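**Q** 3D model of this:
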Amino acid sequence: MGGSENIDKAIEYAKKAVELCREEKSEDGVLIYLNDCFEMYRYKGDRDQMLHYCNDTIKFATEMNSEGQIKEWTKTLKIIEDGEPLNRMIVTIGNQDFELSELKAATLPFSGNIKFGFKRNRRNIPLSEYYMNLGKNYGSQGQYERAVEMFKKAHEVDPYRPDSKYEEGYTLLKVGKGDEAAKAYQKCKELAPSWYNVNFDCWIAEQLRDGKLKTEDVDIIMMLVDGTLKGGIDYDMLIQKMPNVPRLYYLLGKQQESSNMAAAMNSWKKGLTMEGIDIDTKTRLLLSLSEEIEEYLDECVALKGHLQTSTVALLYKIGLLKR
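**A** Numbering: from 1, shown residues only. I've put the predicted structure just below:
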């Protein structure tokens, strides 16, 4: 696919390719181009055509006796029938991917590492990657205005891509433009709810926009969250300076937990009771406190303010992870 405006033309080419591969009896070719048709209709959000190509691929895979393809596309068909979320978390255990709904049926004990990944309801348009890379390069060189231009261009090419707005918001935040950053983050949230740290980053941008935080405060907070601020961090001093940032209580608790769990619990409880808490930080605090208050696991799973944290809570709840 080129830009989003070229999708319809690309679909016609893919349909012709399917027929040519059928004529040439190229099984792999048929599967590749059926998948391309599905993905392009998926990008357009055309549910009827998505269901059609799922069923067509299952039928072809059945003729090929390809159990792997049948299983994969039957799973995809169920997701489309149920309504595919804009953004969700996938868990990989060993070399097998699981939807969260499948985890309860996962065989115990399992072997291999657990990994987490986002799964969107659309693929990125490849051309947008060019502009994303340019934007990141400009940003790394401190050319923030040019970086923002490139992220906006990536969004023009692929208006469903959330990370173009995410990176735009982050870049605008670095130059103290809270209002513009908040708008970019809000758009990211519309495209992919709970994309990485967007809920917290948007909250920070809104605090900057409303004059509740200064640019230098935002710089410190973002470095703390990113892990780029090292050394002995005096969170008590930072909390005195910025008393209305619940995330600082979460970070203070993380600093305390290895030496004084009771103090950590108190810090997390203080953060959880603060007014105006963002749902990302609240999700993290609920998981941290769930070791003492088990019912917080259910609230953490349901809130989904930070998807990976909510997923970890689910794994604890169903016994796939042990504390």
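**Q** give me the residues contacting stretch 286-305.
**A** 193-194, 199, 250, 253-254, 257, 264-265, 268-269, 272, 278-284, 309-310, 312-314, 316-317, 323 (Cβ atoms under 8 Å, 6 or more residues apart in numbering). Using the backbone N, CA and C atoms, a C-beta is placed for each residue, glycine as well.
**Q** just the buried members of the residues you listed?
**A** 193-194, 199, 250, 253, 257, 264-265, 268-269, 272, 278, 280-284, 309-310, 312-314, 316-317 (16 or more other Cβ atoms under 10 Å).
**Q** spatially central, which residue of the protein would that be?
**A** Against the mean C-alpha coordinate of the chain, by Cα atoms, centre = their mean, the closest residue is W195 at 3.4 Å.
**Q** buried set for stretch 68-77?
**A** Here stretch 68-77 shows Q69, I70, W73, T76, L77 as buried, counting by 16+ other Cβ under 10 Å.
**Q** so where do the strands sit in the stretch 1-150 of the chain?
**A** Counting by DSSP state E, counting those that start in this stretch, one finds strands in the stretch 1-150 of the chain at the ranges 87-93, 96-99, 114-120.
**Q** sheet partners, orientation included, of the first one?
**A** Read it as strand 87-93. strand 96-99 (antiparallel), strand 114-120 (antiparallel) (DSSP bridges).
**Q** tabulate the buried residues of stretch 68-77 in CSV, adding columns for distance to E299.
**A** Output for the buried residues of stretch 68-77, formatted as CSV (distance: Cβ to Cβ, whole Å):
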residue, distance to E299
Q69, 40
I70, 39
W73, 36
T76, 31
L77, 33
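**Q** any idea which of those residues is closest to E129?
**A** T76 (23.8 Å; Cβ to Cβ).
**Q** from N55, how far off is the closest one?
**A** 11 Å (Cβ to Cβ, to the nearest Å).
**Q** name the SS class of S258, please.
**A** coil (DSSP: H, G, I helix; E, B strand; the rest coil).
**Q** and the nearest residue to V198 once chain neighbours are set aside, what does it touch?
**A** Among residues not flanking V198 along the chain, C188 sits closest, at 5.1 Å (Cβ to Cβ, 6 or more residues apart in numbering). By Cβ under 8 Å, 6+ apart, the contact set of C188 is P162, D163, K165, Y166, G169, W195, V198, C202.
**Q** mind listing which of those residues are in helices?
**A** In helices, judged by DSSP state H, the following of these are found: P162, D163, K165, Y166, G169, V198, C202.
**Q** the last one reaches K183, doesn't it?
**A** Looking back up the chat, that one is C202. No. C202 is beyond contact range of K183, at 9.5 Å (criterion: Cβ atoms under 8 Å).
**Q** so the two - more neighbours on which side?
**A** C202 (24 against 18; other Cβ atoms under 10 Å).
**Q** what about that one, distance to V225?
**A** Taken as Cβ to Cβ, the span from C202 to V225 is 13 Å.
**Q** V148 now?
**A** Counting by Cβ to Cβ, the gap from V148 to V225 is 21 Å.
**Q** neighbour-wise, which of those two wins?
**A** Remark: of V148 and V225, V148 carries more neighbours, 23 against 18, as counted by other Cβ under 10 Å.
**Q** mind checking how far D236 is from V198?
**A** Distance from D236 to V198, by Cβ to Cβ: 29 Å.
**Q** who has more neighbours out of these two?
**A** Using other Cβ under 10 Å, the more surrounded residue of D236 and V198 is V198, with 27 against 10.
**Q** contacts for the least confident helix or strand in the chain by mean pLDDT?
**A** Least confident helix or strand of the chain, by mean pLDDT, DSSP states H and E, is strand 96-99 with a mean of 89. Contact with strand 96-99 is made by K75, I79, R88, I90, V91, T92, A106, as judged by Cβ under 8 Å, 6+ apart.
**Q** likewise for stretch 132-140?
**A** 144, 146-151, 154, 163-164, 167-168, 171, 174.
**Q** how does it look with 6 Å?
**A** R146, A147, M150, F151, A154, T171 (Cβ atoms under 6 Å, 6 or more residues apart in numbering).
**Q** quick check: closest non-adjacent residue to the fourth one.
**A** Right, F151. E168 (4.0 Å).
**Q** and what of the third one?
**A** If you skip the residues right next to it in sequence, M150 has G135 as its closest partner in space, 3.4 Å away by Cβ to Cβ, 6+ apart.
**Q** distance check, that neighbour against Q143.
**A** Taking Cβ to Cβ, one finds G135 at 10 Å from Q143.
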